[in-house]
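> When you get a sec, could you give me coordinates for this:
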Amino acid sequence: MRVGEALVLAVVALWLLGELMRWLTEHLWVAATALGLAAAGAALWWHQRDRRKRRRREEARALRYPMTHIDQLHHRDFEFAIRDLMYRDGCTDAVQVGGAGDNGADVKATDPYGRRWVIQCKHRRAGVSGAAVGTPDLQVLNGTGRPVHKGDVVVLVTNGRFSKPALDFAQSQRLHLVDRAKLATWAGGHRPLWELLRSVPSPRGPGPSS
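Okay, here's the model as predicted:
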């Protein structure tokens, strides 16, 4: 575009803007109505957004999983179920991250007290009759839970059971284990996971009711 053409367009644009301002000055009710409609639209949008968030939180608080349902899940769906339970308990940033290259973490979440949770999930189709979760899985989680994922609370959850060496290893490395019995209490009740585990790190900040 040539300089002359640009100047003409600029002049025309300024003239149109001036005419618009003059017209609005003579018809202030139009501007007031437009502003009122915009404000009402914004308020309605915010109200609907707030309602959706409240409804989602209410639905999450009502979440319960019977073990018969958990046993039938695909291992990936099991990870999403654990994510949803963490969300139910107030971890609004809970996310499923399991998959190729997950470095031992399937779910990550921050609880209302500021603690970062790193969770690995091991689903057993046969429940306690299936193979026990052993130390190799815990060793992977132990090697990445804190150094890589920066977890404050590092957990392995299964709908099955743990081997005796795994129990000993977890205790020595400050790893938290959730077996079938503890999972049933957590998934079927309303208490958050941190109230069911021992020796959970102290809160980083005030609780949600502070």
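> Tell me where the chain has strands.
Secondary structure of the chain (DSSP state E): strands located at 95-96, 107-110, 116-122, 153-158, 176-178.
> Now render those strands as JSON lines, adding distance to Leu20.
For glycine as for every other residue, the C-beta is placed from the backbone atoms N, C-alpha and C. Formatted as JSON lines, these follow (distance: least, CB to CB, whole Å):
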{"stretch": "strand 95-96", "distance to Leu20": "48"}
{"stretch": "strand 107-110", "distance to Leu20": "49"}
{"stretch": "strand 116-122", "distance to Leu20": "53"}
{"stretch": "strand 153-158", "distance to Leu20": "60"}
{"stretch": "strand 176-178", "distance to Leu20": "65"}
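> Nearest to Ala6, out of those strands?
For these, the distance to Ala6 is smallest for strand 95-96, at 50.0 Å, taking CB to CB.
> Just checking: what are the partner strands of the closest one?
Taking DSSP bridges as the criterion, strand 95-96 pairs within the sheet with strand 107-110 (antiparallel).
> neighbouring contacts of the strand it pairs with?
Strand 107-110 has contacts (CB atoms under 8 Å, 6 or more residues apart in numbering) with 79, 82-83, 86-87, 91, 93-98, 116-119, 121, 149, 151.
> Got a ChimeraX select line for the buried ones in those residues?
Buried residues within the contacts of strand 107-110, by 16 or more other CB atoms under 10 Å, are selected in ChimeraX with:
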select :79,82,83,86,87,91,94,96,97,98,116,117,118,119,121,149,151
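> sorry, back to before: turn the strands of the chain into TSV, columns for distance to Thr68 and mean pLDDT.
Formatted as TSV, the strands of the chain follow (distance: least, CB to CB, whole Å; pLDDT from 0 to 100):
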stretch	distance to Thr68	mean pLDDT
strand 95-96	22	96
strand 107-110	22	96
strand 116-122	18	96
strand 153-158	16	98
strand 176-178	18	97
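> how close does Ala32 sit to Ala38?
As judged by CB to CB, to the nearest Å, Ala32 and Ala38 stand 11 Å apart.
> do Leu156 as well
On the measure of CB to CB, Leu156 and Ala38 end up 52 Å apart.
> So what's the residue count around Ala170?
21 (other CB atoms under 10 Å).
> So for stretch 128-135, what gets flagged as buried?
For stretch 128-135, the neighbour count (16+ other CB under 10 Å) marks Gly130, Ala132, Val133, Thr135 as buried.
> can I get those in a markdown table with pLDDT and distance to Pro192?
Converted to a markdown table, the buried residues of stretch 128-135 look like this (pLDDT from 0 to 100; distance: CB to CB, whole Å):
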| residue | pLDDT | distance to Pro192 |
| --- | --- | --- |
| Gly130 | 92 | 27 |
| Ala132 | 96 | 26 |
| Val133 | 97 | 23 |
| Thr135 | 96 | 28 |
